[in-house]
Structures are given as structure tokens and as C-alpha cells.
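# Next come a sequence and a model predicted from it.
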Number of protein chains: 2
Amino acid sequence: MAYDDKIYQLGINYTLAIIGGKWKSAIICQLGLQSQRPLELQRHLVGISPKVLTKQLRQLEADGIVSRTTCGTVPPKVVYGLTAAGRSLRETLVTLSIWGEQMATQSTTPITIIHDSSEIF
Amino acid sequence: MAYDDKIYQLGINYTLAIIGGKWKSAIICQLGLQSQRPLELQRHLVGISPKVLTKQLRQLEADGIVSRTTCGTVPPKVVYGLTAAGRSLRETLVTLSIWGEQMATQSTTPITIIHDSSEIF
DNA sequence: CAGGATCCTACCCGATACTG
DNA sequence: CAGTATCGGGTAGGATCCTG
């Protein structure tokens, strides 16, 4: 009963602690598309400030979700990407996405969305 | 592509907004076991205060995850349960739980693994 | 017993400016 | 260009008391 449920809860809380940040899931999604440099990320995540971006990246890095690669020193060049764990985490986000899309549209069947790119970015 | 990702994000954010509260997922887990009265919930969710419990329940109710049933007026009796949407949401939490359990066990801190999930659902 | 009303604290995030 | 420092605000959540 409550015993098993607590174990159950541990995994959930662990996962939520990782993706809980405001931009964490968006970062994971973006880096899932392709590895990117901070400035590229910042362009995609409209509204994020450099400070917050760095902080969330650091946390994701500490959690083993994101990898950070530095190439060069004088013109700083850094590339962020997903680790294996990050890619598997991204898979689980699909579940949340699908559920959310279905609920948001008050629909019981999977939806197909056709969008203008202008509407998106 | 970027715009697939954006759509993707909407569903994720929608879902995270619902389960984002500190006790939300625990409440959903508990009510998944069986419908309960507030005081029972409070006993299971060790550390939660009545105010916060009520607040999170109200939010979950507003999101269509939790149902609230009142029987009687003078000795207040209320029972909370999961709606159909709540039960389906609980299903998706399993994904998070499994991923979290796996990741947590791969790190240095040893924790007990969930034994039999059939007992929980 | 359910749950509202207050007060209070901590933390997350945003804006901005700065450094190597 | 990557990342840091500083300041400030909004808010979730905790503690406590109170009521129908």
C-alpha cells in the first residue's frame, strides 16, 4: 500500500526534479533535435536569459542529461548535446507530450497538427 | 524540425503544469490506489499541511484530474477520487517512475527498486 | 472534519551589466 | 561568445489559527 507507493513516488520525484525547471524540457527537446551552442539554444528558447540558460544547462549536466563540449579558448566555443540518459529521458517526455496534447484539445483521439512555421517562431 | 518540437513542447508544458505541484503526483498515486477522504490523504502524504492539500486538490479538480464528492453537511464528509483523465494521467506517471527508478539505481546512491507494480495499479 | 484566512519564508526566474 | 554578478519581484509552500 503506502509502502509500495512511496517507492513508486521516488522514481517520479526523481524524474520531476530533473525536468522540473521552467526551461528544462524545452532544452532537452531542442538538444534532441541536434547538439547546439548556447546562442542557438537561446534563439530557440524565446525569452530565456543567458543566466537562466546556463543555470539550467549546468543542472542538467550535473544530472547526466546533457553533455558539454568545449573546443577552443580564445573565441569561446561550447556545444551542448544529449547524453544517452538524456535521449532516453526525451523518450519519456513523448508520453507527457501526447497526453498533454490530447487533454488540451479535449479530444480522446490522437491529434494531427498542421501549423504555419510563422506561427511557431 | 523546429516546429514539430514546439508542438511537442506544448503538450509537455501542459502536462507538467498539472503534475508540477509538490504533492500533485503523490496525490494522484494515492487516489489511484483508492478514493480517499482528505484526512486519509493527509496521513499518507506525510508532511503536507491541510491548506496545501486542499489547494492542490482544488487545482487537480479544476484540471479535471480529481473528482470531489460531498456526502452530508453537518459532519463534513468528502471523498476524492480520480476521474477518467486522472487515471490516464496516472498511467503516464508510470513512465516517469520507471525511468527515474532506473536512473536512480545507476547512480551511486542505492535505493530499493519497485517490486510489483501490479499491486499499485 | 473540511478547509478557509493570514502571515511568512525561500527559491526560482527575469533584467541588466560586466568579464575573459 | 560563453558565462558571471547583482538586484528585485512573483509565488509556491509551510505554520498557525479559526469556522461551519
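Looks like it came in fine. Note that the structure is a prediction, hence the values are computed from the model and not measured. Residues are numbered from 1 along each chain as shown, chains lettered A, B, ... in the order given.
# wait, A:Thr70 sits on A:Lys77?
Yes: counting by Cβ atoms under 8 Å, A:Thr70 does reach A:Lys77; the two are 7.1 Å apart. Backbone N, C-alpha and C define where each C-beta goes, glycine included.
# of the two, who's got more company?
A:Lys77 (12 against 9; other Cβ atoms under 10 Å in any protein chain shown).
# For the residue nearest to that one when sequence neighbours are not counted, grab the count of nearby residues.
Excluding the flanking residues, the one nearest A:Lys77 by Cβ to Cβ, 6 or more residues apart in numbering or on different chains is A:Cys71, at 4.9 Å. For A:Cys71, the count of nearby residues is 9 (other Cβ under 10 Å).
# do you know how far A:Cys71 is from DNA strand D?
Distance, A:Cys71 to DNA strand D, using Cβ to the nearest atom of the strand, to the nearest Å: 10 Å.
# ok, now which ones touch that residue?
A:Cys71 makes contacts with A:Lys77, A:Val78, A:Val79, as judged by Cβ atoms under 8 Å, 6 or more residues apart in numbering or on different chains.
# Phi, psi for the residue nearest to the second one when sequence neighbours are not counted please.
Excluding the flanking residues, the one nearest A:Val78 by Cβ to Cβ, 6+ apart is A:Thr70, at 5.3 Å. Main-chain torsions, A:Thr70, degrees, to the nearest 10: phi -110, psi 130.
# which parts of chain A sit against DNA strand D?
Neighbours of DNA strand D within chain A, by Cβ under 7 Å from any atom of the strand: A:37-39, A:50-51, A:54, A:57-58, A:68, A:70, A:75-78.
# sec struct for the residue in chain A positioned nearest to DNA strand C, please.
Nearest residue of chain A to DNA strand C: A:Lys22, at 3.3 Å (Cβ to the nearest atom of the strand). Of the three states, A:Lys22 takes coil according to DSSP: H, G, I helix; E, B strand; the rest coil.
# One more: the one 5 residues further on?
Each residue gets one of three states, and A:Ile27 gets helix by three-state DSSP.
# quick one: it and A:Lys55 touch, right?
No: judged on Cβ under 8 Å, A:Ile27 makes no contact with A:Lys55 at a distance of 11.0 Å.
# and those two? which has more neighbours close in?
Set A:Ile27 next to A:Lys55 and count neighbours by other Cβ under 10 Å: A:Ile27 wins out with 26 against 13.
# Show the contacting residues for the residue lying closest to the more buried one once chain neighbours are set aside.
Among residues not flanking A:Ile27 along the chain, A:Gln56 sits closest, at 6.1 Å (Cβ to Cβ, 6+ apart). Listed by Cβ under 8 Å, 6+ apart, the contact partners of A:Gln56 are A:Gly21, A:Lys22, A:Trp23, A:Lys24, A:Ile27.
# Could you export the residues you listed as a markdown table, including pLDDT and distance to B:Thr95?
Output for these, formatted as a markdown table (pLDDT from 0 to 100; distance: Cβ to Cβ, whole Å):
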| residue | pLDDT | distance to B:Thr95 |
| --- | --- | --- |
| A:Gly21 | 96 | 19 |
| A:Lys22 | 97 | 21 |
| A:Trp23 | 97 | 21 |
| A:Lys24 | 98 | 17 |
| A:Ile27 | 97 | 19 |
